[in-house]
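[1] pasting the sequence and the predicted model now:
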Amino acid sequence: MQIPNYNYHSHTKRCGHAAFINDEDYIDEYRKHGFKYIGISDHMPNTKYQLPDERSRMDIIHFNDYLKSIKKLRKKNKDINILIGLECEYSKTLGKHLCNLKDKCDYLILGEHYIDGISPINNIEYPLAYAKIVCEAMDTGLFDYIAHPDCFLKFRDTIKENTETYIKNSKKCFKMICEKAKKLDIPLEINLTFVNNVKIMNDNEYPYPHRLLFDIANEVGNKCVVGIDAHNSSMIAKYKDSFNKVLRYFPNINIIYNYNPLTHRNKQLDKKYDKFKKNIKSFEHYYLLKIIKRIPYNSNNDEIISTFNKLRKNLINSKNTIINTLLKEIDTINNSILDINDKNNMINRKKEFIKITDKRYKGQDKLLKDMIAILNKNKNNYQGQKLIKKLKEYYS
């Protein structure tokens, strides 16, 4: 039986929820199990202005080390084709940041885990919001394939009523995603996370991959890739068994057996990416737009500055919440029965992120203070929304 000898969905210890093993150990594990084409695609770092997320992603200060490490392994391991990627969430706010990351990597995966401001819990409209953001992301040309496009279904057991509407909306969601992916020739991922872990939900199906999506993918004619979503070496070791389960689960799925994101990418995506890059604005610009929504149109200068100062207070509260949480987690780890090396690795990471959180807070607070300084500098010449317009021009 033919089995794909690639995996472009792998994570490293930098994300905070993968095994604390060296990058080279991953490569050795892939070689042991016969892989010839692999990609390391850890979770994308936040921008330098966002507070860090210790449990979910590397910090931006780790990104250069990430690139250097994989490039070094690529030179050392000539028998395996190693690519550098990232798994990313998309939002318009992060457009410039994503472009900067893409230009330093071989490929990007879209892995939309959440939507800002919208909860998937007991929300029958969530699938439609999810489809909208995923389709918008595909139209940027940033992404080479779509990781776990059915991942929001892991929350389906939280739907307490109107389950028929939820399923109907999920089908609409998958139809939108499949048709857009087909048009742009972007593969959809069959994710092996829960096939590996053999987790079953109330409907006796995996959280994902789910036949609700892949039945529609078959109808539309989508191409699919297999993604281990490796967070430890055991997931790589289980690959063949997991793949065989997928074939039994989706017997008619159109799998690409010799996938490479570099050679599969088409001119249509490159054109979309070039167009997207020309129209992006900075994170600061979109951050400012978010602030503006809170300011009444006829506000005077003092009222506008008061809003900015309230945000500065909220920011320090957010910083303190993150740091206090990390300190409590350190105490819990100290009192646990974990292996001493695991303890040290986890504690050292959390201590590092306490320092990073304080640094990011100071950077974002400085951004707000700089905005206030621009407002004060121009208050004699501008009033109300004209002041805001001046600020928008500065950060565009």
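    Received, thanks. Numbers count the residues shown, from 1 in each chain.

[2] so where's the stretch 51-200 of the chain shaky on pLDDT?
    Judged against pLDDT under 70, the stretch 51-200 of the chain has no low-scoring part.

[3] right, and Leu142 touches Leu98 too?
    Yes - taking contacts as C-beta atoms under 8 Å, Leu142 lies within contact range of Leu98: 5.6 Å. C-beta here means a position set from N, CA and C on the backbone, and glycine is covered the same way.

[4] distance-wise, check Thr325 relative to Asn314.
    17 Å (C-beta to C-beta, to the nearest Å).

[5] same thing with Lys240?
    In terms of C-beta to C-beta, Lys240 sits 50 Å off from Asn314.

[6] SS state for Arg57?
    coil (DSSP: H, G, I helix; E, B strand; the rest coil).

[7] what's the residue nearest to it when sequence neighbours are not counted in contact with, if anything?
    Of all residues not flanking Arg57 in the chain, His43 sits nearest, at 4.0 Å (C-beta to C-beta, 6 or more residues apart in numbering). By C-beta atoms under 8 Å, 6 or more residues apart in numbering, His43 lies in contact with His11, Cys15, Ser56, Arg57, Met58, Leu86, Glu87, Cys88, Gly111.

[8] what helix or strand is Ile82 located in?
    In this assignment (DSSP states H and E), Ile82 forms part of strand 81-88.

[9] swap that for Tyr286, please
    helix 283-292.

[10] pull the CA atoms of that helix into CSV?
    C-alpha atoms of helix 283-292 as CSV (Å, rounded to 0.1, in the frame of the first residue of the first chain):
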residue,chain,number,x,y,z
PHE,A,283,-0.1,46.5,13.2
GLU,A,284,0.0,49.9,14.8
HIS,A,285,-2.5,51.3,12.2
TYR,A,286,-5.0,48.5,12.9
TYR,A,287,-4.4,48.8,16.7
LEU,A,288,-5.3,52.4,16.4
LEU,A,289,-8.4,51.7,14.4
LYS,A,290,-9.5,49.4,17.2
ILE,A,291,-9.0,52.3,19.7
ILE,A,292,-10.9,54.7,17.5
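
[11] go ahead and measure how far it is from the middle of the chain.
    Taking C-alpha atoms, centre = their mean, to the nearest Å, one finds helix 283-292 lying 21 Å from the centre of the chain it belongs to.

[12] so after that helix, what's the next helix or strand?
    With secondary structure assigned by DSSP H and E, helix 283-292 is succeeded by helix 301-334.

[13] on that earlier part again, higher neighbour count, Thr325 and Asn314?
    Thr325 (15 against 10; other C-beta atoms under 10 Å).

[14] give the buried residues for stretch 18-37.
    Ala18, Ala19, Asp23, Tyr26, Ile27, Glu29, Tyr30, Phe35, Tyr37 (16 or more other C-beta atoms under 10 Å).

[15] taking the residues you listed, tell me the two that lie furthest apart.
    Ala19 and Tyr37 (21.9 Å; C-beta to C-beta).

[16] gap between Thr325 and Asp342?
    20 Å.

[17] show me the strands in this protein, by range?
    Counting by DSSP state E, one finds strands in the chain at the ranges 6-7, 37-43, 81-88, 107-110, 145-146, 188-191, 224-227.

[18] let me see the mean pLDDT of the second one.
    Along strand 37-43, the predicted confidence averages to a pLDDT of 97.

[19] go on, the first one?
    When the per-residue pLDDT values of strand 6-7 are averaged, the result is 96.

[20] quick check: Leu153 vs Ile177, distance?
    Taken as C-beta to C-beta, the span from Leu153 to Ile177 is 13 Å.

[21] which neighbours do those two share?
    Leu213.

[22] export the strands of the chain to CSV and tack on distance to Glu205?
    Putting those into CSV (distance: least, C-beta to C-beta, whole Å) gives the following:
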stretch, distance to Glu205
strand 6-7, 23
strand 37-43, 26
strand 81-88, 24
strand 107-110, 23
strand 145-146, 20
strand 188-191, 14
strand 224-227, 18
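
[23] nearest to Tyr66, out of these?
    Between those, strand 37-43 lies closest to Tyr66; by C-beta to C-beta that is 6.5 Å.
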